[in-house]
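1. With the input below, show me the fold.
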Amino acid sequence: MSSEKCSICGEVHDTYPALTFAYPNSYYWLTEEQKNMYKIHIDADFCTIEYPDRTDRFIRAVLKQKIMKSSQYLEYGLWVYLNEEDFEDYKANFNNENHETVYFGWLSNALPDYQFEKSIAMDVKTKPGNERPEVYPQLDFSHPFVVDFYHGITREEAEKRIHNMPTTISQ
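-> Reported below is the predicted structural model:
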């Protein structure tokens, strides 16, 4: 980030903060009764929700959205849904510093400023050194977020998103 003043708060920032989601949307949407009824496991990197007819599996990942006319990115800490086989492989290799692969997943958080009728298909790329996987929307998926991801957003838009991100979804 350049040393220009933030257009929202007037402060000078050295870096942009990551916008994080504490849980996948599937968890947010559960009522308190459902949270007590279903078997749920959530930690900093994994989430499983066991419904009577299925189990949903999510992992924490990073998405970096390019900011136009700069070398900066707006980072999101979010959740992606993986199928059982990929989830188990990721979990089994979680502490393997050399594990590099690509999984297919689904974006599991609704990012501010976008309307989501359905989830977005994502490539989930693990990285060496036990860093969280990075996710990339699949290019053939038609959605304004995918267009913005590959073409970038303005610095003003990034700052607006930072200042509008509800603190209740941060962890």
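2. Now do the strands in this protein.
-> Using DSSP state E, the strands found in the chain span residues 19-20, 39-42, 46-50, 55-66, 73-82, 102-107, 121-125, 134-137.
3. what's the fourth one packed up against?
-> If I follow you right, that is strand 55-66. In terms of contacts (3 or more CB pairs under 8 Å, 6 or more residues apart in numbering; DSSP states H and E), strand 55-66 is packed against strand 46-50, strand 73-82, helix 84-92, strand 134-137, helix 144-151. C-beta here means a position set from N, CA and C on the backbone, and glycine is covered the same way.
4. distance between the fourth one and the chain's centre?
-> Meaning strand 134-137. Remark: strand 134-137 is offset 9 Å from the chain centroid, using CA atoms, centre = their mean, to the nearest Å.
5. Check the last one too.
-> Here helix 144-151 shows a centroid-to-chain-centroid distance of 15 Å under the convention CA atoms, centre = their mean.
6. in that helix, what's buried?
-> For helix 144-151, the buried set under the neighbour-count rule, 16 or more other CB atoms under 10 Å, comprises Phe145, Val146, Asp148, Phe149.
7. Identify the farthest-apart pair in these.
-> Greatest spatial distance in the buried residues of helix 144-151: Val146 and Asp148, 7.4 Å, computed using CB to CB.
8. wait, what's in contact with Pro17?
-> Going by CB atoms under 8 Å, 6 or more residues apart in numbering, Pro17 touches Ile162.
9. at 10 Å instead, please
-> Residues counted as contacts of Pro17 (CB atoms under 10 Å, 6 or more residues apart in numbering) are Leu74, Glu75, Ile162, Met165, Ser170.
10. So which of the residues you listed wins on neighbours?
-> Compared across the contacts of Pro17, Leu74 has the highest neighbour count, 22 neighbours, by other CB atoms under 10 Å.
11. Tell me the pLDDT of that residue.
-> Note on Leu74: pLDDT of 91.
12. do His13 as well
-> With respect to pLDDT, His13 scores 54.
13. again, but for Arg161
-> 85.
14. same check, this time on Ile59
-> Predicted confidence (pLDDT) for Ile59: 98.
15. Also Met1?
-> 39.
16. Count the neighbours of the nearest residue to Arg57 once chain neighbours are set aside for me.
-> If you skip the residues right next to it in sequence, Arg57 has Phe87 as its closest partner in space, 3.9 Å away by CB to CB, 6 or more residues apart in numbering. Neighbourhood size, Phe87 [other CB under 10 Å]: 20.
17. ok, now which ones touch Phe87?
-> For Phe87, the residues meeting the contact criterion (CB under 10 Å, 6+ apart) are Phe46, Thr48, Thr55, Asp56, Arg57, Phe58, Ile59, Tyr81, Tyr103, Gly105.
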